[in-house]
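Q: this one's sequence-less:
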């Protein structure tokens, strides 16, 4: 875990790294959350960041959504992934919701996943089309991580 | 603290309506005033439960519009937005207004106009309640339901068919509700063979997109009999509101709705009762899986056992604990801001003995209104005065 000052976005503070980080927040009581919050789940202050790319993730559950909103791929397979933060970590479960990555065989289909599968994050510079939906494009970032089975 | 009575109630037909939100609110509001035997200018407070009239139709300022349409000036008015639980939050606001002594006569009108939007657009308006890290992944409320349903079925060894039976039950109940969007039964095969929306959930596991409005009139219990006969009013014996995490995947147990458990604990304590004392309940079955989660987190059934109650007919209209006698959101429809109000409307009809063919034996009823995917919850307990 790094001692960097907390940052608000996955793509902030990228000066030392070409690859965007999968940034979670660490709090004074040792808890880690993704996404970062102003204070931790037990009220502790933010003290640093954690790059979730360094931790193994497993699929907690998944779904394939066929009725997707404007600007979202259809179908959209999503998973909740839980990260193994190590034996010494005793905070709340650290998880992320993310799209399942597309196969690299040109079919455009996403990988098959099931509960318990090991996955790794894969960076995507645009997860859905900014401005196609109701949310103001400038109000948030649109890049982030998908998951690919290991 | 004043005990609060409900002395009038109404709801419009739910479904695809030509009327816009202002007209829907006025339709239900005028009918509830009529039911309570009062005029608009008798009201001290007027609340409007609505999630997104600005986003859906470009009409904001709906509480003032309604106040004018009902000639209720100089009534105090405010819009209550708590997404899908705006209705329950409105009941809470109306209850507070009377219990605190700030108002002697309050009306709550919940309403939403949605069907002029495509399913994709309406889904996006609703999904806009999510955190940016969820929204950018294209998550929708139905996909949260699919994610949770898969985990629930896996964790508790529940058969997929048990979810389908919630839809079958609630459609059957909706047949006898003249206000319901769908008044036709569906069989289990139809549910299980309908198109996939969010695997493992299919079309019939989801509530429809709906236009509609519902209204309730509140006063202190001490003066309720001045407005209506004693057996025609009900008392809010308990009410509680609570929140869970905004980011759904951060919950300790994603198959538990903490806001449901916390809000019902408050409501039970206020009412001095427990889950075993509830005779009839309206739960927020926006998705079939939510009926299982809520029936467990309200304490009706053990964790992981809610599906068995549906399989065994316990929650049927003639079962030990009828759930969603109105047809639920599933068949009645889900006009966001109206739903929590319409849930209390159904419980009011049940505990005052006015539910017609849907009537069950009920002195005490409970309504659980859920916003987001369990993000905000209001639980309301009504007692009849029969």
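A: Done, it's in. Just so it is clear, the structure is predicted and the values come from calculations on it, not from any experiment. Numbers count the residues shown, from 1 in each chain, chains lettered A, B, ... in the order given.

Q: give me the three-state assignment for the residue nearest to the spatial centre of chain A.
A: In chain A, the residue lying closest to the centroid (C-alpha atoms, centre = their mean) is residue A:96, at 4.7 Å. In three-state terms, and counting by DSSP: H, G, I helix; E, B strand; the rest coil, residue A:96 is strand.

Q: is stretch B:252-263 in proximity to chain A?
A: Yes. Using C-beta under 8 Å from any C-beta of the partner chain, we find that stretch B:252-263 touches chain A at B:252, B:254. In this view, the C-beta of every residue, glycine as well, is placed from N, C-alpha and C.

Q: kindly check the end-to-end length of that stretch for me.
A: Using C-alpha to C-alpha, to the nearest Å, one end of stretch B:252-263 lies 18 Å from the other.

Q: got the residues of the stretch 251-386 of chain B near chain A?
A: By C-beta under 8 Å from any C-beta, the residues of the stretch 251-386 of chain B that approach chain A are B:252, B:254.

Q: for residue B:298, which residues are in contact?
A: B:260, B:261, B:264, B:275, B:278, B:281, B:283, B:366, B:368, B:379 (C-beta atoms under 8 Å, 6 or more residues apart in numbering or on different chains).

Q: mind checking which of those land in helices?
A: Secondary structure defined by DSSP state H assigns B:260, B:261, B:264 of those to helices.

Q: and these, which is closest to chain A?
A: Among these, residue B:261 lies closest to chain A (C-beta to the nearest C-beta), at 17.1 Å.

Q: neighbours of the closest one, just the number please.
A: Per other C-beta atoms under 10 Å in any protein chain shown, the neighbour tally for residue B:261 reads 19.

Q: ok, now residue A:75?
A: For residue A:75, using other C-beta under 10 Å, the count is 17.

Q: same check on residue B:202?
A: 23.

Q: quick one, phi/psi of it?
A: phi -120, psi 170 (degrees, to the nearest 10).

Q: and it, what pLDDT?
A: Residue B:202 carries a pLDDT value of 98.

Q: ok, it touching residue B:190?
A: No. With contacts counted by C-beta atoms under 8 Å, residue B:202 stays clear of residue B:190, the gap being 9.7 Å.

Q: which one of the ones in helices among the contacts of residue B:298 is nearest residue B:329?
A: Nearest to residue B:329 among the ones in helices among the contacts of residue B:298 is residue B:260, at 15.0 Å by C-beta to C-beta.

Q: and the pLDDT at the closest one?
A: 98.

Q: ok, residue B:385 next?
A: Taking residue B:385 on its own, its pLDDT is 85.

Q: what sits closest to the residue nearest to the spatial centre of chain B if chain neighbours are left out?
A: Nearest to the geometric centre of chain B sits residue B:340, at 2.9 Å (C-alpha atoms, centre = their mean). Setting aside the residues directly before and after it, residue B:340 is nearest to residue B:87 in space (C-beta to C-beta, 6 or more residues apart in numbering or on different chains), at 2.3 Å.

Q: can you show me the strands along the stretch 1-150 of chain B?
A: B:4-11, B:45-49, B:76-80, B:106-112 (DSSP state E, counting those that start in this stretch).

Q: can you redo these as a markdown table with distance to residue B:195?
A: Output for these, formatted as a markdown table (distance: least, C-beta to C-beta, whole Å):
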| stretch | distance to residue B:195 |
| --- | --- |
| strand B:4-11 | 30 |
| strand B:45-49 | 32 |
| strand B:76-80 | 35 |
| strand B:106-112 | 25 |
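
Q: check contacts around residue 87.
A: No chain in the question, so chain A it is. Counting by C-beta under 8 Å, 6+ apart, residue A:87 has no contacts.

Q: let's do chain B instead
A: B:49, B:110, B:214, B:337, B:338, B:339, B:340, B:341, B:342, B:343, B:344, B:369.

Q: neighbours of the closest residue to residue B:353 other than its chain neighbours, how many?
A: Of all residues not flanking residue B:353 in the chain, residue B:386 sits nearest, at 6.1 Å (C-beta to C-beta, 6+ apart). Neighbours of residue B:386 under the rule other C-beta under 10 Å: 12.

Q: distance of residue B:386 from chain A?
A: 44 Å (C-beta to the nearest C-beta, to the nearest Å).

Q: mind listing what that residue touches?
A: Residue B:386 makes contacts with B:231, B:351, B:352, B:353, B:363, as judged by C-beta under 8 Å, 6+ apart.

Q: around chain B, which positions in chain A sit nearby?
A: Residues of chain A lying near chain B (C-beta under 8 Å from any C-beta): A:33-35, A:41, A:60-73, A:76, A:78-80, A:92-93, A:95-99, A:115, A:127-128, A:133-135, A:139-142, A:144.

Q: same thing but 6 Å
A: Residues of chain A lying close to chain B by C-beta under 6 Å from any C-beta of the partner chain are A:35, A:61, A:63-70, A:72, A:76, A:78, A:80, A:95, A:97-99, A:115, A:127-128, A:133-135, A:140, A:142, A:144.

Q: where in chain A is pLDDT low?
A: For chain A, the stretches flagged by pLDDT under 70 are A:1-18.

Q: ok so, going back, just the buried residues out of the residues of chain A next to chain B, in ChimeraX syntax.
A: Buried residues within the residues of chain A next to chain B, by 16 or more other C-beta atoms under 10 Å in any protein chain shown, are selected in ChimeraX with:
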select /A:35,61,63,64,65,66,67,68,69,70,72,76,78,80,95,97,98,99,127,128,133,134,135,142,144
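
Q: mind checking which of the residues of chain A next to chain B land in strands?
A: Taking DSSP state E, the ones among the residues of chain A next to chain B that sit in strands are A:61, A:63, A:64, A:65, A:76, A:78, A:80, A:95, A:97, A:98, A:99, A:144.

Q: re earlier: from chain A, how far off is the residue nearest to residue B:340?
A: From residue B:87 across to chain A, the span is 22 Å (C-beta to the nearest C-beta).

Q: tell me the pLDDT of that residue.
A: 98.

Q: nearest to chain A, of the contacts of residue B:87?
A: Among the contacts of residue B:87, and counting by C-beta to the nearest C-beta, the member closest to chain A is residue B:337, at 17.3 Å.

Q: for the helix or strand encompassing the closest one, packing partners?
A: Using DSSP states H and E, residue B:337 falls within helix B:336-351. Applying 3 or more C-beta pairs under 6 Å, 6 or more residues apart in numbering or on different chains; DSSP states H and E, one finds that helix B:336-351 contacts strand B:4-11, helix B:86-99, strand B:106-112, strand B:212-220, strand B:280-282, strand B:364-371, strand B:376-384.

Q: out of the ones you listed, which is the most enclosed?
A: Of all those, strand B:106-112 has the most neighbours on average by mean count of other C-beta atoms under 10 Å in any protein chain shown, namely a mean of 32.

Q: identify all contacting residues around that strand.
A: Applying C-beta atoms under 6 Å, 6 or more residues apart in numbering or on different chains, the set of residues contacting strand B:106-112 from outside is B:21, B:24-25, B:28-29, B:43, B:45-49, B:87, B:90, B:94, B:97-98, B:213-218, B:335-338, B:341.

Q: what mean pLDDT does it have?
A: Mean pLDDT, strand B:106-112: 99.

Q: gap between the two ends of stretch B:307-317?
A: Stretch B:307-317 has an end-to-end distance of 16 Å (criterion: C-alpha to C-alpha).

Q: go through that stretch and flag the buried ones.
A: Buried residues in stretch B:307-317 (16+ other C-beta under 10 Å): B:307, B:309, B:310, B:314, B:315, B:316, B:317.
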